[in-house]
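Okay, predicted coordinates and the sequence, questions at the end:
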Amino acid sequence: MATKRKVISKAFRCAFPYTIPIFAGFWFLGLTYGIYMNVSGFSFWYPMLMSLTIFAGSMEFVTVNMLLGAFNPLQAFTMTLMINARHLFYGISMLDKFRGLGLKKMYLIFGMCDESFSINYTADIPEDVDRGWFMIFVTLLNHFYWFSGSTLGGIFGSFIEFNTEGLDFVMTAMFVVIFMEQWLKEKNHFSSLAGLAISLLCLAAFGADNFIIPSMLAILVVLTFLRKPLEKGVEI
């Protein structure tokens, strides 16, 4: 038993430093999400339980509008699938790393987010550190950062007296930053420009309230069709 505690403790000490940069980002976004839920009329129980059970930041922000709108399960399912479709590829990439982890794999699959995937996939885990417990603690810590930030935001949101109008723009800002980071990493900007062009066309065709899903589907079809030329770096 003492040996197992040492193994777990060592894995925690190794994993924790990797998650420190995630802490600041998750707490800021989590607090913002909790406050946004509060000013939208929801008790702190909503962001607390949603951050605990959904653990998908982008989708949780989108869920606010879904909860305030008409009940539409098909739209909710489609939106969730499109927003989080990238996790399908994360899961495929982690098949070898999750092999042989037993029940730990269940939580690792549930708690996989962009940041946890990035750390668990790229981290150089020392040979004397248990790989399964390392990945568990990376996932668990990131989950806790988001959960605690969202819960505190929901609790303290009711005490905020300043004008919170436009607070939901934080999600737009986050996606803009992600887009800019991707743009800077790309050698060929065709996929980014195609996404912008398709989105603008769908916006004009379907209107501001209905363009997101058609644009996502269109982008998926176009990039899938042109995948091989793009992977080969062919100028299109």
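Yep, it's here. Quantities reported herein were computed from a predicted structural model and do not represent experimental measurements. Numbering: from 1, shown residues only.

number of nearby residues for Lys228?
Lys228: 9 surrounding residues under other Cβ atoms under 10 Å. Where C-beta positions appear, they are placed from N, C-alpha and C, glycine not excepted.

Now do it, the pLDDT please.
Lys228 is assigned 70 on the pLDDT scale.

can you tell me which helix or strand it belongs to?
Assigned by DSSP states H and E, Lys228 belongs to helix 227-231.

same deal with Gly41?
Take DSSP H and E as the rule and Gly41 turns out to sit in neither a helix nor a strand.

What of Ser118?
In the assignment (DSSP H and E), Ser118 maps to helix 114-122.

The helix or strand following that helix packs against which elements?
Where DSSP H and E defines the elements, the next helix or strand beyond helix 114-122 is helix 131-156. Judged by 3 or more Cβ pairs under 8 Å, 6 or more residues apart in numbering; DSSP states H and E, helix 131-156 is in contact with helix 2-39, helix 45-53, helix 104-110, helix 114-122.

per-domain residue ranges of the chain.
2-159, 186-231 (automatic domain parsing).

Nearest to Phe179, out of these?
domain 186-231 (7.0 Å; Cβ to Cβ).

Give me the distance from the closest one to the chain's centre.
How far domain 186-231 lies from its chain's middle: 20 Å, per Cα atoms, centre = their mean, to the nearest Å.

tell me the mean pLDDT over stretch 203-219?
For stretch 203-219, the mean pLDDT works out to 80.

quick one: buried residues of that stretch?
Phe211, Ile212, Pro214, Ser215, Met216, Ala218, Ile219 (16 or more other Cβ atoms under 10 Å).

Cool, thanks, signing off.
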